[in-house]
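Enquirer: the sequence and its predicted three-dimensional model are supplied below.
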Amino acid sequence: MSDPSFGIHGKILEIDLSAGYVRVRPLDPSLTADYLGGRGLATRLFYEAVDPASDPLGAENVVVLAPSPLIGTSAPTAARGHMVFKSPLTGFLGTSNSGGGWAWSFKATGYDALVVKGRASSPVWIDITPEKVDVLPAGRMWGKDIHALTDELTTGFEPAARPRVLGIGPAGENLVRFAAVANDRNRVYGRCGPGAVWGAKNLKAVRAAGRMKTRVHDKERYQSGYEQAMHLIRQAPVTKRLLREMGTAGLVELINVIGMLPGRNFQDCTHRDEDLEAVSGETIAKTILERAAGCYLCPIGCQRHTRVGGKGEQAEAGEGPEYETVVLMGPVCDIYDLEAITRANYRANELGLDTISFGSTVACAMELAERGLIPPAELAGLELRFGRAAVLERLAVETAFRRGAGALLADGSFRLAERYGRPDLSMSVKRLEIPAYDPRASFTQALGYMTSPSGACHLRGGYAVSLAFFGGWKEIPRFSLLQSPIAIRNMQNHGILQDSLGVCRFTGYAFGSEPWSRMLAGATGLDFSVARLEEISNRVAALERLFNLEAGAGKLDDALPPRFAETPIIVAGEERAVSVEIQERMRRDYYEVRGWDAEGRPRPDLLGRLRIAGRRP
Amino acid sequence: MVVKVKFFSAFREVFGTRERDYVIPDGARARALIEAMADQPERRAALLRGSNLHPHLVLLVGGEALSSRGGLEAELRDGDVLAVFPMLGGG
Ligand code: SF4
C-alpha cells in the first residue's frame, strides 16, 4: 500500500453554518482510488451528506467543493475546482466547474474537499488558512458585487501571499436561480445556480490562502506524462494558438455554416452572414480585444480581456464575451450588437449571473412578450421584443436585483414560461437552459443534452460538434442513431475524468486519457490505468444518476422541449427535427450502453461491479 | 461547373478575399477544386500537406464535413458552396 498522502492531504473540511461547527475529518484513501477528486469526489461526498428530497434553497442543501490529486502539481490547467449541490434551477444534481486559482489555493491550505452544510442566521464569510478556519460576519460585504468583494478580501497582502476569494454577488444574495459563484473576479461556477444556494445559506465568500505542497510519489513517471501532455498541447493547432488568437467565439461562423447556431429563442437557425460577422471571434479580436490570457496554470489561454466604448466616458474594460455568451445574449435574442452583448456580460460577471441561462431566459421573455402572453403592465415599462439590444444590460442588472422586468426572469426560463402558461417555450432540459448548439442539427448533441445529469449542458452532457467536425480521422456523423449513444457516453466519461482531475475541457483538443493516467499514477502512486479511469467515470455517472432518480427524475426528464421535435430547421439542405421516436430510441440505447434499465435506473449488477451502495433499491 | 468557396479567419488573408467562384470541369472531384485553389505556394501550403489535405483544415460542403463525402475524392456539383476554416475549438 502506498503512502496515502501522495497527491492528497487526506483531510476533508466540514462546516455546518447552522450548528456553527468546523470539523476536520480524514479522507478515506479508497475514495481517491474510486472517485479521484473534483467532480467524482464531490459527487460522492454530496451523495453521502444530502437528503435528495431537500429544498435546494433550504438549510438541508449541502455544497461540496473539491480540488483534485493533480492540483498543486505542475499539470497543465490543473487548478480548476468542481462544485456539487442540489440545484435550485433544476431540482436535480447541480454540478459546476470553474477555472481560476481558488481550488489551487484551497488545496494549498491542506484539504481535499470542503463540505458546507446548514444555514447561517446572518451573512457570513469563511476564512481558511492551514492554521485555522474562521466563520466571520459578512454583514458589511452583503450587497457588494464580486469585484468589490474580491478587492476587499485580497487587499493588504504581499502578492506571493495573496489569498483567493470565491464568492457571490447580488444575484446570489437575491436567490436568482441561475446565480453563479465566482473566483479570480471573472471565473465562474456558472451553471445550475450555485450562487443562489450560497445566498440561501447566507454565505457570501470563502477565502483561502496556503502554501502546502502536493507531494508527488514517482517524479519520473509524473514527468513523462507531463512532458507528453505539454508536447501535444504545443502541437495541436487549437491549443497551440487558435484558442488564444480567436477565443471560443472563433466558432461563431463555423457553427452557423453547419446550421447549428440558434436564433430567436431557437425558432430557427438562419442568420445573415454579415450579422454574424459582427459578433464573431475574429471581430472580437480585431475590435474590442485588449489581450488574451489564461486561467491559473493554463498554457492555452482562451480568455478575452476586452474594452468597449472607445476612450470617452462610456468606456469600460472587462472580460468576455466567449462563445456561449455571444450566442445566447446575441443571436438567440436576435441581437448582433457586440458592444451591447459585452456590456451585459460585464454586468453578469460583476453581479454573478450565468450568461447561458440569462441569455436564454431573456429570449424566452422576448418570445412570450411578442406573442402577447406577458401583459405589458408586468414588464414595468420595458419594451421587450427580439432584437432590442438596449434591454440586455438593463435586464442583467434588474435580474440580479429582482427588480422591474428582471423580477420575472430571476427564476429562469422554465418558471417564467410556465407562469404565462407556455412551459414549452422554455428552451431547457430539466429546466436548465440549452447552450448555443441547436440539438436539431446533431442527434449526438441532442442526446447529450437529454442525458446530461445537470440538464442541458454541453460540458456535462457531451460536446458533439468536435466529434463531427474537428475530429479529423475519427469523425462521427452527426445524425447517426447507431453511433450517438456510444459517442456521447464516451464524451461524457472523458468530461467526468477532466472534471475529476481539475483540468480544462480544452486539453481534449490535444490529447485524451493517456498522459493524465501517467501524471496521476506518478502523483499518487496508485494504479490509474486508462481502463481504471474509465471505470471511475462510469462509477461517477451511475452515482449522479442515482441522485437524480432519488430526487424524482424519470426518463421523461431526459427529453428535449417540444419545439425540437415539432418544428424542423434546415440543416445542409434537409429538414431536421428530433422526433419523440428518435429521442425514445436514442434514450433507450444510451441507457443500455450505460448499463441502466429501461427506466434509466442503474442495474443492480452494475452498481455491484462499481461498488456503489445506493440509498434505495 | 461553378463552385463557390467562402474563406474564413486567416484564410481570408491567404486568399485575399472572402469568397470566390472557381470554375472546374463538370463532374470533377474535390481534388480538382483544391488544385485550382492552390495556385500559389502559400495557398498550396495552407491547403495541402504533400498530396493530402492539410490536417489542420476544416472543409465543409453545403454545411457537411467534406471528409464525410470522401475528402479529396468527394464528387462536387454545380452550385456547391465550400467553406474553408482553420481547425477551431471551443465550447
Ligand atoms: S483553455 Fe481557456 S477556459 Fe480552459 S483553462 Fe485555459 S483559459 Fe481557462
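Expert: Right, received. Where do you want to start?
Enquirer: quick check: next helix or strand after the strand or helix carrying residue A:397?
Expert: Here residue A:397 sits within helix A:390-400, counting by DSSP states H and E. Remark: after helix A:390-400, the chain's next helix or strand is helix A:406-409, criterion DSSP H and E.
Enquirer: that next one packs against which elements?
Expert: Contacts defined by 3 or more Cβ pairs under 8 Å, 6 or more residues apart in numbering or on different chains; DSSP states H and E place helix A:406-409 against helix A:355-370, helix A:390-400, helix A:412-419. The C-beta positions use only the backbone N, C-alpha and C, and glycine is treated the same way.
Enquirer: would the first one count as contacting chain B?
Expert: Okay, so that is helix A:355-370. No - using Cβ under 8 Å from any Cβ of the partner chain, helix A:355-370 never reaches chain B; the gap is at least 11.7 Å.
Enquirer: same question for that helix, mean pLDDT?
Expert: The average of the pLDDT scores along helix A:355-370 is 98.
Enquirer: cool, the last one as well?
Expert: This predicted structure assigns helix A:412-419 an average pLDDT of 98.
Enquirer: quick check: buried residues in it?
Expert: For helix A:412-419, burial by neighbour count (16 or more other Cβ atoms under 10 Å in any protein chain shown) applies to A:412-418.
Enquirer: cool, the first one as well?
Expert: Buried residues in helix A:355-370, counted by 16+ other Cβ under 10 Å: A:355-369.
Enquirer: what's the angle from that helix to helix A:412-419?
Expert: For helix A:355-370 against helix A:412-419, the angle by axes from the mean of the first three to the mean of the last three Cα atoms, to 10 degrees is 20 degrees.
Enquirer: quick one, helix A:355-370 and helix A:390-400 angle?
Expert: With the same axes, to 10 degrees applied, the angle from helix A:355-370 to helix A:390-400 works out at 110 degrees.
Enquirer: helix A:355-370 packs against which elements?
Expert: Secondary-structure packing of helix A:355-370 (3+ Cβ pairs under 8 Å, 6+ apart): helix A:323-329, helix A:338-351, helix A:390-400, helix A:406-409, helix A:412-419, strand A:432-433.
Enquirer: of all these, which one is nearest the ligand?
Expert: For the ligand, the closest of those is helix A:323-329, at 11.1 Å, according to Cβ to the nearest ligand atom.
Enquirer: the closest one: which residues count as buried?
Expert: Within helix A:323-329, the residues scored as buried using 16+ other Cβ under 10 Å are A:323-329.
Enquirer: picking that back up, and the helices and strands packed on helix A:406-409 as a markdown table, adding distance to residue A:189?
Expert: Formatted as a markdown table, the helices and strands packed on helix A:406-409 follow (distance: least, Cβ to Cβ, whole Å):
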| stretch | distance to residue A:189 |
| --- | --- |
| helix A:355-370 | 13 |
| helix A:390-400 | 16 |
| helix A:412-419 | 16 |
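Enquirer: redo those as a markdown table? Include distance to the ligand.
Expert: Compiled in a markdown table, these are given as follows (distance: least, Cβ to the nearest ligand atom, whole Å):
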| stretch | distance to the ligand |
| --- | --- |
| helix A:355-370 | 14 |
| helix A:390-400 | 22 |
| helix A:412-419 | 24 |
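Enquirer: just curious, which of the buried residues of helix A:412-419 is nearest to residue A:594?
Expert: Among the buried residues of helix A:412-419, residue A:414 lies closest to residue A:594 (Cβ to Cβ), at 25.8 Å.
Enquirer: surely the closest one meets residue A:434?
Expert: No - using Cβ atoms under 8 Å, residue A:414 is not in contact with residue A:434; the gap is 11.3 Å.
Enquirer: name the residues contacting each of those two.
Expert: residue A:428 (Cβ atoms under 8 Å, 6 or more residues apart in numbering or on different chains).
Enquirer: contacts for stretch B:20-40 next, please.
Expert: Stretch B:20-40 has contacts (Cβ under 8 Å, 6+ apart) with B:1-5, B:7, B:15, B:43-44, B:47-48, B:53, B:59, B:61, B:66, B:69-76, B:78, B:82.
Enquirer: distance from that stretch to the middle of the chain?
Expert: Relative to its chain's centre, stretch B:20-40 lies at 8 Å (Cα atoms, centre = their mean, to the nearest Å).
Enquirer: do stretch A:343-359 as well
Expert: Remark: stretch A:343-359 is offset 14 Å from the chain centroid, using Cα atoms, centre = their mean.
Enquirer: out of the buried residues of helix A:323-329, which is nearest to residue A:241?
Expert: For the buried residues of helix A:323-329, the closest approach to residue A:241 (Cβ to Cβ) belongs to residue A:323, at 17.2 Å.
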